[in-house]
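**Q** Task: produce atomic coordinates for the following.
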Amino acid sequence: MDSIFTAFAVLLFAAVILMLEGAWLWWSGAHGRAARRIAKRLRLMAGAGDGGIERIDILKRRSYSSNPTLEKLLRRVARLASLDRLLMQAGVRWSVAQFLGAALAMVIAGLLLPRMIGMPFLPAAGMLALVASLPWLLLLRIRGARLRKLEEQLPEAADFLARALRAGHSFANVMQMVGEELPDPIAAEFKFAYEEINYGVPMNEALHNLALRVPLTDLRYLVIAVLIQRESGGNLAEVFGSISRLIRSRLKLLAQVRVMSAEGRMSAWILGLLPLGVTLLMTLSNPAYVSVLWTDPVGVKLMWYAFAVAMLGVLWMRKLIRIRV
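**A** Coordinates of the predicted model:
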């Protein structure tokens, strides 16, 4: 009896160990580091990479819509290629159809909302223009933030390229090293360019595609340097070092300009928020005196006109304090 119980205990222990090992092998195969690496590569090839940037298979075009009929209709509009390029540069997963649908929904809301609240014509037109432009402003803001991050990463990438070339690596291998060693989003861009080269795209075309996805003047300097070096030769590592110093000097100058224009930006914020603050204080101190602005029809019209003029003033001040370097 004791031998039977001992054999049962040993078999039960072995079964538990095998079950735990099988569970571990299943989890590591489905969620481990190797599985994540394979899934990441599959996403890069299928359409979506890290950082939210949509990737393109070199054998097919970017899709404007998941609906084939709508895809054909959108392809007939040549100007939508520019919108698709903006979406690609912003690194968002939106398709052209999704973005146009959101923009159309905002336009409908801008048409219906003023009628529901009885807004006068001129403020209603201003509100319609503001609401209709919100998706575009959001897209441009996301694109600008991503491009600024890429611009900040460019000096480090140029130094990395120069050091790797001095160490004797080929330029294609250096691009792969940038994609593996540096952080996103610049790593994803260089890695995708390297994968294009691996799949048979010529080096010149892959670099042109990189400059198209990242429309930065500094990156175009890098691309032009590589193209010239491939045609006429030269010390590419030294050129990358010079470009890196140039980019850092320009970013330093841009930071100094931002510091010097900080007073103007603060003035713009104060002048933009001052009417709201004064209205709030007057509402708290003497509500009967201010309430005529939203109880009397003439006061309501004056409020909408004042809001439209204030928005124009904010946009004008924003234009004045933005200095390009």
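**Q** which element follows the helix or strand harbouring Trp269 toward the C-terminus?
**A** Here Trp269, judged by DSSP states H and E, is contained in helix 262-285. For helix 262-285, the succeeding helix or strand toward the C-terminus, using DSSP H and E, is helix 287-290.
**Q** Flag every buried residue along that following helix.
**A** Val290 (16 or more other Cβ atoms under 10 Å). Just so you know, the C-beta spots here come from the backbone N, C-alpha and C atoms, and that holds for glycine as well.
**Q** picking that back up, which strands and helices sit next to the helix holding Trp269?
**A** Judged by 3 or more Cβ pairs under 8 Å, 6 or more residues apart in numbering; DSSP states H and E, helix 262-285 is in contact with helix 287-290, helix 297-321.
**Q** Show me which helix or strand of the protein is least confident by mean pLDDT.
**A** helix 33-46 (a mean of 60; mean pLDDT, DSSP states H and E).
**Q** Check which element follows that one along the chain.
**A** Past helix 33-46, the next helix or strand by DSSP H and E is helix 68-75.
**Q** how much distance is there from the following helix or strand past that following helix to the middle of the chain?
**A** Next helix or strand after helix 68-75 toward the C-terminus (DSSP H and E): helix 80-90. Put simply, helix 80-90 sits 11 Å off its chain's centre (Cα atoms, centre = their mean, to the nearest Å).
**Q** what's in contact with helix 80-90?
**A** Residues from elsewhere that reach helix 80-90 (Cβ atoms under 8 Å, 6 or more residues apart in numbering): 53-54, 56, 62, 64, 74, 94-96, 99-100, 139-140, 142-143, 146-147, 212-215.
**Q** and stretch 134-152, which residues are buried?
**A** 135, 139, 142-143, 146-147, 149-151.
**Q** what's the average pLDDT for it?
**A** The average pLDDT within stretch 134-152 is 85.
**Q** For the residue most central in space within the chain, which non-adjacent residue is spatially closest?
**A** Centroid-nearest residue in the chain, with Cα atoms, centre = their mean: Ala90, separated by 3.6 Å. Nearest residue to Ala90, sequence neighbours excluded (Cβ to Cβ, 6 or more residues apart in numbering): Arg143, at 3.8 Å.
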